[in-house]
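Undergrad: Dropping the sequence and predicted coords here.
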Amino acid sequence: EPEVTQTPSHQVTQMGQEVILRCVPISNHLYFYWYRQILGQKVEFLVSFYNNEISEKSEIFDDRFSVERPDGSNFTLKIRSTKLEDSAMYFCASSEGLHVGIQYFGAGTRLSVL
Amino acid sequence: GENVEQHPSTLSVQEGDSAVIKCTYSDSASNYFPWYKQELGKGPQLIIDIRSNVGEKKDQRIAVTLNKTAKHFSLHITETQPEDSAVYFCAAKADKLIFGTGTRLQVFP
């Protein structure tokens, strides 16, 4: 069964550094998403991406965050000038369509900012 | 802004009993309501979903009901098994997916 894969599974960084979280969405999917889950809390929407553009973003997705689809398979989330409060699980998801497509989630990357 | 409330936050049942988790949403434009199961250390996995033109949907031991007038939707798990133990999230989607706060379900043998 096709799945969304994320690397690394755990990323540790120093406050102020830049991190890149990587995702390989399901191959025929056109819509890509990033979500965040702080430990013990609910999953929160960060951004959706379609046709090489951001479709929607939340207030969490400030100007330190950016997304990119650098090639035909990868979808990345970059966080610059990381803060302690960026520590969370970050989930990538993809779907075939926007309004009818089921979103399939990866296993997540745990980001620890020290 | 959009909000999804979920109750209860924890639920403990005996194996074989039923479990019910309830959610309410605020955005009347929401038209898609998935339920996700999250096991420890894993990402959310879709278990069932329902669209706004349907009032009920069932898949084996799992059923979901939707009351659009009241903006309520519920997950029903019958004949619970220990492997059903996980955190369950409801979500509602208008333009983006908004998750509930989660329910930790424990099924005791």
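TA: Noted; the coordinates are in hand.

Undergrad: Next, the contact list for A:Phe39, please.
TA: Not Phe; residue A:39 is Leu. A:88-89 (CB atoms under 8 Å, 6 or more residues apart in numbering or on different chains). For every residue, glycine as well, the C-beta is placed using N, CA and C.

Undergrad: element containing it, please.
TA: Counting by DSSP states H and E, there is no helix or strand that carries A:Leu39.

Undergrad: State the distance from the residue of chain A found nearest chain B to A:Val24.
TA: Relative to chain B, the nearest point of chain A is A:Phe105 (3.9 Å; CB to the nearest CB). Counting by CB to CB, to the nearest Å, the separation of A:Phe105 from A:Val24 is 13 Å.

Undergrad: Between the two, which is the more surrounded one?
TA: A:Phe105 (22 against 16; other CB atoms under 10 Å in any protein chain shown).

Undergrad: How about the contacts made by the more buried one?
TA: Counting by CB under 8 Å, 6+ apart, A:Phe105 has contacts A:4, A:35, A:91-93, B:36, B:43-45.

Undergrad: Whatever residue of chain B ends up closest to chain A: how many residues sit nearby?
TA: As assessed by CB to the nearest CB, chain A sits closest to B:Gly43 within chain B, at 3.9 Å. Residues near B:Gly43, counting by other CB under 10 Å, number 22.

Undergrad: quick one: low-confidence ranges for the chain?
TA: No chain in the question, so chain A it is. The model of chain A has pLDDT under 70 over residues A:98-101.

Undergrad: um, chain B though
TA: B:1.

Undergrad: Give me every residue in it lying close to chain A.
TA: B:31-32, B:34, B:36, B:41-46, B:49, B:89, B:91, B:95-102 (CB under 8 Å from any CB of the partner chain).

Undergrad: Excluding residues flanking it in the chain, which one is nearest B:Arg61?
TA: Leaving aside its chain neighbours, B:Arg61 sits nearest to B:Thr78 (4.9 Å; criterion: CB to CB, 6 or more residues apart in numbering or on different chains).

Undergrad: correct me, but the one you found touches B:Ser18?
TA: Yes - counting by CB atoms under 8 Å, B:Thr78 does reach B:Ser18; the two are 5.0 Å apart.

Undergrad: For B:Lys93, give its distance to A:Gln103.
TA: Distance from B:Lys93 to A:Gln103, by CB to CB: 9 Å.

Undergrad: Show me where chain B has its strands.
TA: B:4-7, B:10-14, B:19-25, B:32-38, B:45-51, B:56-59, B:62-67, B:72-77, B:86-93, B:97-99, B:103-108 (DSSP state E).

Undergrad: and those strands as TSV, adding distance to A:Leu39 and mean neighbour count?
TA: Rendered in TSV, the data for the strands of chain B read as follows (distance: least, CB to CB, whole Å; neighbours: other CB atoms under 10 Å in any protein chain shown):
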stretch	distance to A:Leu39	mean neighbour count
strand B:4-7	18	18
strand B:10-14	16	13
strand B:19-25	21	20
strand B:32-38	13	22
strand B:45-51	19	17
strand B:56-59	31	12
strand B:62-67	27	18
strand B:72-77	24	21
strand B:86-93	12	24
strand B:97-99	15	23
strand B:103-108	14	17
